[in-house]
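Undergrad: Give me a model of this one.
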Amino acid sequence: MSHPFDQKDEKIIQQLKQMPRVTDERSKNEIYHSVEEGLYRNRHVHRPTPWKVPVMTAVAVILLFLLFTPSFTTLWQNSALPEGEKESTERAQQEKLSYDEERELEEEISLSQDENEPSEVEVQEPESGQEMEQTPPDTEEPTVPTTDVETIQYTSSLTEEELQTGETFVTIPLLVKEEGTSFIIPLTFKTRSDKNRIKLYEQYNKEYSGEELGFDGSPLQHITWEEKDGNVVATFEKDVSSIEKEESEAIVHGIEESLRFIREQLEVQFTYNGEVGVQLGNFGRLEKYPITHDNRGYYVYSTDSYTFLVSGKGANISMTNHDGEMYSLEETLERMKKGKEEIKIKAAIPEGVVIDHVQDRGDTVHITFDEGTEWPNEEQIEVMVDAMLFAAKDFGYEQVIFEGENIENLEEYGFNDPVRVPVAPNKVD
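TA: Sure thing, here's the model as predicted:
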């Protein structure tokens, strides 16, 4: 009996005999050289270090095991379940896969929308031609009022050339309260009216409140004015015998600082309750009061919006020296370089402006500036020139000639040519 393996060998032999014959037609030398070249190449092939092979094999086996283990586990679980439960499990797995796919799709869509829409904290770029509005930080506003002459509109003086045919003007006093004291600012209105100027004076004193400028109005609101026999009569409408010193001085200074622009030489008669004379606070009984053009000097007072000229007398600044003598024009101009800062009265002439000398020539005065003068800006020059013109007017001059070595660029202000003094300060259009 033949062995089973012998039968298999015979069968294999028979199959090999049936295969097509393969022959190598190369010569022996060609075959030898081919084998020799192969041996030479094999000697130069880098072979792996023997210890690396088992390690790499083990790593590959572990990776394959981890990869196929879930599948085998699932197959084993399914094979262990009854037929009905297998179908249920397969449906659940398919549903889970379908649900996971839907969730992934929704997340992709949501992510795409988020990329296209701006974030809540994303800075929005302004459209073309528009500027982004920036919200300033919350900061407290400064409490110190702005009173810089350089940046506030100046209420310039009224000149004779500005008055057209049929026009006239009236100047009234306004009361300003500042830092525990008060002073008078004259305000001038240009108008057309058939009324007598004294009656216009009364009307403006009574009707103009001064609120738009932040002032307290005229201290002469309760006085009726009229002209009799060439004199001006002021009739008080209420008892002023026991009023405070500040109020009584405001009345007297108010009359002085306004009526003098209407009449050069004037004497006011006071009446009350049908009788001549009035008991006026600390002034006592007054029947007449002369209005004169005293040497005053002029200074600057500014609100948040406007700049005004105020006279030294209106601001309670002394006009006399230690001996009680009135200052000269040259001394007055020098004093106008210093204000009264405690009540916010500023200098009208900057410190850098140096006056070399003042020369009287009849109704004209020559004011010569030193060549080292440092000129301020245009608006300050306008304020300075007006203040100097009014100072010269108080000394009786009708015109002023400004002279100096370096004033060629200031010709528009009338330098080197006679300049007529203005008719009234602080014009309100």
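
Undergrad: going forward, measure contacts between C-alpha atoms and count neighbours the same way
TA: Noted.

Undergrad: and the host helix or strand of Asn205, what's its mean pLDDT?
TA: Element membership for Asn205 (DSSP states H and E) is helix 197-207. Average pLDDT, helix 197-207: 94.

Undergrad: Which strands or helices does it pack on?
TA: strand 168-178, strand 223-228 (3 or more CA pairs under 8 Å, 6 or more residues apart in numbering; DSSP states H and E).

Undergrad: Tell me which of those strands sits nearest to Ala391.
TA: strand 168-178 (17.5 Å; CA to CA).

Undergrad: Compute the inter-axis angle for the closest one and helix 197-207.
TA: Using axes from the mean of the first three to the mean of the last three CA atoms, to 10 degrees, the direction of strand 168-178 lies 30 degrees away from that of helix 197-207.

Undergrad: Report the secondary structure state of Ser209.
TA: coil (DSSP: H, G, I helix; E, B strand; the rest coil).

Undergrad: what's near enough to touch it?
TA: Applying CA atoms under 8 Å, 6 or more residues apart in numbering to Ser209 gives the contacts 215-218.

Undergrad: Among those residues, which one lies nearest to Ile243?
TA: Distances from Ile243 to the contacts of Ser209, taken by CA to CA, are shortest for Ser218, at 16.0 Å.

Undergrad: still on that earlier bit, would you put the C-alpha positions of the helix holding Asn205 in PDB?
TA: What follows is helix 197-207, C-alpha atoms only, in PDB (Å, rounded to 0.1, in the frame of the first residue of the first chain):
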ATOM      1  CA  ARG A 197     -31.300 158.900  21.900                       C
ATOM      2  CA  ILE A 198     -32.000 159.300  25.600                       C
ATOM      3  CA  LYS A 199     -35.300 157.500  25.200                       C
ATOM      4  CA  LEU A 200     -33.500 154.800  23.200                       C
ATOM      5  CA  TYR A 201     -31.000 154.600  26.100                       C
ATOM      6  CA  GLU A 202     -33.900 154.000  28.500                       C
ATOM      7  CA  GLN A 203     -35.500 151.400  26.300                       C
ATOM      8  CA  TYR A 204     -32.400 149.300  25.900                       C
ATOM      9  CA  ASN A 205     -31.600 149.500  29.600                       C
ATOM     10  CA  LYS A 206     -35.000 148.200  30.500                       C
ATOM     11  CA  GLU A 207     -35.400 145.600  27.800                       C
END
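
Undergrad: returning to that earlier point: between the contacts of Ser209, which sits nearest Ser193?
TA: When the contacts of Ser209 are compared against Ser193 (criterion: CA to CA), the nearest one is Ser218, at 21.0 Å.

Undergrad: List the residues that contact the closest residue to that closest one other than its chain neighbours.
TA: Using CA to CA, 6 or more residues apart in numbering and skipping residues adjacent in sequence, the residue nearest Ser218 is Leu174, 4.5 Å away. Going by CA under 8 Å, 6+ apart, Leu174 touches 184-187, 210, 215-219, 254.

Undergrad: one more time with 7 Å
TA: Neighbouring residues of Leu174 by CA atoms under 7 Å, 6 or more residues apart in numbering: 184-186, 215-219.

Undergrad: Could you do Asp386 as well?
TA: Neighbours of Asp386 in contact, by CA under 7 Å, 6+ apart: Ser157.

Undergrad: tell me which residues in the helix or strand harbouring it are buried?
TA: Using DSSP H and E, Asp386 maps to helix 378-394. Neighbour-count burial for helix 378-394, counted by 16 or more other CA atoms under 10 Å, picks out 380-394.

Undergrad: got it, and stretch 249-260?
TA: For stretch 249-260, by 16+ other CA under 10 Å, it's 249-251, 253-260.
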